[in-house]
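# Take a look and give me a structure for this.
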Amino acid sequence: MGISTQLALALPASIPSPPSELSKFSIGPLTIHAYALCILAGILMALWLTNKRMQARGGNSDMLWDIAIWAIPFGIIGGRLYHVMITDPMYYFGLGGQQAHWAEIPQLWLGGLGIMGAVSLGALGAWIGCRKAGIRLSAFADAAVPGLLLAQAIGRWGNWFNQELFGAPTKLPWGLEIDPNSYNFPAGLPADTLFHPTFLYESLWNVLGALVLIGLDRKFKLRRGAMFCCYMIWYGIGRTFTESLRLDPAEIITIGPLGLRVHQWLAIALVVAGAIALFLVLKRTRSQDADPFFLPGRKPEAAAEGANPAGTEASADAAGEGPQEKNIE
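Next up is the predicted model:
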């Protein structure tokens, strides 16, 4: 038996979904959902990496928490509103003669957080927090982008636990098994049907994006929102692809001869808007080298341990020099 044959036999022919008892478990009267744990793990990862990147520019963890206490709740609410109102309004509001499911709207643990809604409303919360912390929103967004991508990568595994948001049937060796008794299993298909693991595609794409954007930032010092523009382009491209495979309910919008899911149209718009904004930001950056991290008249009370001394960047800006900062590994 050749090595290639042995390897083929050793590799799994599909990706199993976790048994239903792993999707949630109880500790006394408290029920813990794996979906919620994935979201929480993603948030913690984002906070950790964003804190490191902020410290490299003279910020500290207190400033990050000032922003996080606004951005995180706003993001969760925005993500849920997007899912309820954009992704599947007919299910939740009983449109088209369907039964309404009002009681499920606040039940986040069942799944259903739209990333685009979370980022949009989360940005509003971040703006409020940035005003209180004395940090420019564009500077915070640039620092937060890699952590945001990693948070999305981790959060996507919640879809795996819930056996949801998978793609079309496939015979590829990494096809995803779905419990035929699951309410998400498409009717009319054989019980052994495998599906595209779109949660995995998007998770890997986001991890790669975080690494690529960190590399670009180290080489080109992307500032004034340029990193966030790159995020829009990168995420939009990946989301356009994964949406083309998914089977979950979504509104279909037809423009001319092209009928696409609403999320695909929004993802394409994200790519276009990101490209235009990146062009404008880079054009402005060439004419204005200074890139202040703090708002005018706002200085940190104390520099974070291991960060640039407080006010160093502001002083460099006042002298017409670029920011002095450390490289992030």
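
# List the buried residues of the longest helix anywhere in the chain.
Determined from DSSP state H, the single longest helix within the chain is helix 262-287. Neighbour counts using 16 or more other C-beta atoms under 10 Å place 263-268, 270-271, 274, 277-278, 281, 285 of helix 262-287 among the buried residues. Bear in mind the C-beta positions are built from the backbone N, C-alpha and C, glycine included.

# so where is the chain shaky, pLDDT-wise?
1-12, 286-291, 299-329 (pLDDT under 70).

# Same list, the buried residues of helix 262-287, but as CSV with distance to residue 66 please.
Shown next, in CSV, are the buried residues of helix 262-287 (distance: C-beta to C-beta, whole Å):
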residue, distance to residue 66
263, 32
264, 36
265, 35
266, 30
267, 31
268, 35
270, 28
271, 32
274, 27
277, 26
278, 28
281, 25
285, 27
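
# show me where the stretch 151-300 of the chain has strands.
Assigned strands in the stretch 151-300 of the chain, in chain order: 176-177, 194-195, 252-255, 258-261 (criterion: DSSP state E, counting those that start in this stretch).

# Deepest-packed of those strands, please.
strand 194-195 (a mean of 22; mean count of other C-beta atoms under 10 Å).

# starting at the chain centroid, how far to it?
24 Å (C-alpha atoms, centre = their mean, to the nearest Å).

# Now do that strand: which elements does it pack against?
Judged by 3 or more C-beta pairs under 8 Å, 6 or more residues apart in numbering; DSSP states H and E, strand 194-195 is in contact with strand 176-177.

# Count the residues that sit near residue 66.
18 (other C-beta atoms under 10 Å).

# List the buried residues in the helix or strand encompassing it.
Element membership for residue 66 (DSSP states H and E) is helix 61-82. Across helix 61-82, burial judged by 16+ other C-beta under 10 Å covers 61, 63-64, 66-68, 70-72, 74-82.

# Beyond that helix, next helix or strand please.
helix 89-93.

# for this protein, what spans make up the helices?
Remark: helices assigned in the chain by DSSP H are 3-10, 34-55, 61-82, 89-93, 115-133, 137-155, 157-162, 198-220, 226-243, 262-287, 312-318.

# quick revisit: now the strands of the stretch 151-300 of the chain as CSV including distance to residue 161?
Formatted as CSV, the strands of the stretch 151-300 of the chain follow (distance: least, C-beta to C-beta, whole Å):
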stretch, distance to residue 161
strand 176-177, 12
strand 194-195, 15
strand 252-255, 28
strand 258-261, 23
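
# Among those, which comes closest to residue 118?
Minimum separation from residue 118 across those (C-beta to C-beta) falls at strand 258-261, 18.2 Å.

# what does the closest one contact?
243, 246, 250, 251, 252, 253, 268 (C-beta atoms under 8 Å, 6 or more residues apart in numbering).

# hmm, back to that, mind checking which of the helices of the chain is nearest residue 180?
helix 157-162 (15.7 Å).

# Show me what that closest one is packed up against.
Using 3+ C-beta pairs under 8 Å, 6+ apart: helix 157-162 touches helix 34-55, helix 198-220.

# Just give me how far it sits from the chain centre.
That offset, for helix 157-162, works out to 15 Å (C-alpha atoms, centre = their mean).

# rewinding a little: so how far is the helix holding residue 66 off the chain centroid?
13 Å.

# what inclination does it have with respect to helix 137-155?
60 degrees (axes from the mean of the first three to the mean of the last three C-alpha atoms, to 10 degrees).
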